[in-house]
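Asks: model the structure of this input:
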Amino acid sequence: MDDEILRLKAQLRQATEAELAERVRQHQLRVDRIRAGVRNRETLQLAVPETPLDFLAIGDSWFEYPLSDDGLPLPFWNAAIVGRKQLQSMGNPPPLVLSHALHGQAMTAILSWRNQERFIQAITDKTRWVNGKPDAILLSGGGDDIVGDQFAIYVDYGGGGLDKDRFQGLLASVEASYKDLFALRDRFLPDTPIFAHCYDYAIPNEVHPIFSGPWLQPPLHFAGYTYSQGLAIVKDAIDGFHQLLSKLADGRNFILVDTRGTLTRDASRPMGWANEIHPYTAGFTALAHKFLVALQGRFPGRI
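Replies: Coordinates of the predicted model:
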């Protein structure tokens with residue numbers, strides 16, 4: 001059994017590495033085409049248009065969601081915020097995004113030393129970016145630290161709701177991870193902004209894809225809460241997370257995209273929730289548009 005588990009873990013690692021390598025390759029092809037076009041226009045002494053913005057994206061399933069609205073896997077498809085048909089198709093001109101996001105990652109995993117090593121390798125190689133370096137870092141992180149079986153830790157049994165003291169302990173770990181990312185950015189990409197979001201008011205209805213979840217209803221049910229009570233607890237958790245990020249956004253070149261209230265708090269299409277913690281594709285499009293507005297505020301006329 002142990003050998004089988006190790007074998008499956010090795011296969012998953014290899015598949016993940018192959019997926020990330022393919023994203024790097026596809027991004028490099030787009031960068032090379034744009035740079036070649038600029039060189040050709042310069043050779044012909046033609047006006048060179050503004051090059052598109054180029055972002056590094058890191059994080060979880062709100063940036064990497066390879067499922068249809070019916071929960072079916074779709075190879076080479078990303079319906080989430082930074083997908084090719086989402087943020088990368090918005091704006092004038094649309095931006096490029098090199099995404100290292102992987103679904104299911106808590107902030108402590110996103111900022112593991114192996115991932116940080118990947119980020120450093122990417123951001124210090126000027127040939128990987130249209131403008132020589134990422135114009136911004138886009139982050140989706142913190143949700144997987146909260147949701148899941150461990151969510152039972154942060155609620156009182158039988159009616160007290162979210163335990164604020166214990167939940168603050170969780171947020172302290174998330175805060176440490178964000179501050180570590182700020183430190184990495186300050187060392188290798190000084191003056192580069194970081195954009196992140198605060199999720200939305202998820203629904204603990206036990207709906208989930210066949211291979212993952214549910215993330216909310218089981219721990220809430222275990223602790224003695226009904227669906228309507230669970231809705232209130234999840235709202236408190238998201239508002240607490242937003243409060244943390246708002247504090248971090250003070251003076252750190254960190255822009256918080258407030259995504260609360262974007263989605264309809266039910267399971268109906270198109271703006272509801274496809275499962276407990278992920279919207280339908282139309283919802284991801286609305287969330288991507290909120291990022292677009294924030295980016296246009298920081299980069300006027302460039303997106």
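
Asks: would Asp236 count as being in a strand?
Replies: No: assessed with DSSP: H, G, I helix; E, B strand; the rest coil, Asp236 is helix; it does not lie in a strand.

Asks: for it, which non-adjacent residue is spatially closest?
Replies: Residue nearest to Asp236 in three dimensions, not counting chain neighbours: Leu162, with 4.6 Å by Cβ to Cβ, 6 or more residues apart in numbering. Yep, even glycine has a C-beta here, placed from its N, CA and C like the rest.

Asks: neighbours of Ser246, just the number please.
Replies: Neighbour count of Ser246, defined by other Cβ atoms under 10 Å: 12.

Asks: helices and strands around the helix or strand containing it, which ones?
Replies: Secondary structure from DSSP states H and E places Ser246 in helix 227-248. Taking 3 or more Cβ pairs under 8 Å, 6 or more residues apart in numbering; DSSP states H and E as the contact definition, the neighbouring helices and strands of helix 227-248 are helix 164-188, helix 217-222, strand 254-257.

Asks: all strands of the stretch 51-200 of the chain, in order?
Replies: Per DSSP state E, counting those that start in this stretch, the stretch 51-200 of the chain carries strands over the ranges 54-59, 96-99, 136-140, 194-197.

Asks: each with direction, which strands does the last one pair with?
Replies: Partner strands and pairing direction for strand 194-197 (DSSP bridges) are strand 136-140 (parallel), strand 254-257 (parallel).

Asks: between those, which one is closest to Arg118.
Replies: Distance to Arg118, taken as Cβ to Cβ, is lowest for strand 136-140 among the strands paired with strand 194-197, at 13.0 Å.

Asks: gap between the closest one and the chain center?
Replies: When C-alpha coordinates are averaged (Cα atoms, centre = their mean, to the nearest Å), strand 136-140 and its chain have centres 7 Å apart.

Asks: export it to PDB, keeping only CA atoms.
Replies: Taking only C-alpha atoms (Å, rounded to 0.1, in the frame of the first residue of the first chain), the coordinates of strand 136-140 have been written out as PDB:
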ATOM      1  CA  ALA A 136       2.500  42.500 -11.800                       C
ATOM      2  CA  ILE A 137       1.900  39.400  -9.700                       C
ATOM      3  CA  LEU A 138      -1.600  38.100  -9.600                       C
ATOM      4  CA  LEU A 139      -2.500  36.000  -6.600                       C
ATOM      5  CA  SER A 140      -5.400  33.800  -5.600                       C
END
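
Asks: tell me what angle that strand forms with helix 227-248.
Replies: Compare the direction of strand 136-140 with that of helix 227-248 by axes from the mean of the first three to the mean of the last three Cα atoms, to 10 degrees and you get 160 degrees.

Asks: which ones are touching the residue sitting nearest the centre point of the chain?
Replies: Geometric centre of the chain, nearest residue: Ser140, 2.5 Å, by Cα atoms, centre = their mean. Under the criterion of Cβ atoms under 8 Å, 6 or more residues apart in numbering, the contact partners of Ser140 comprise 57-63, 80-81, 101, 196-197.

Asks: can you lay out those as TSV showing distance to Leu46?
Replies: Output for the contacts of Ser140, formatted as TSV (distance: Cβ to Cβ, whole Å):
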residue	distance to Leu46
Ala57	32
Ile58	36
Gly59	39
Asp60	43
Ser61	43
Trp62	40
Phe63	36
Ala80	37
Ile81	35
Ala101	37
Ala196	39
His197	39
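
Asks: ok, and the most crowded of these?
Replies: Ile81 (33 neighbours).

Asks: please tell me how far it sits from Tyr199.
Replies: When distance is defined by Cβ to Cβ, to the nearest Å, Ile81 is 11 Å away from Tyr199.
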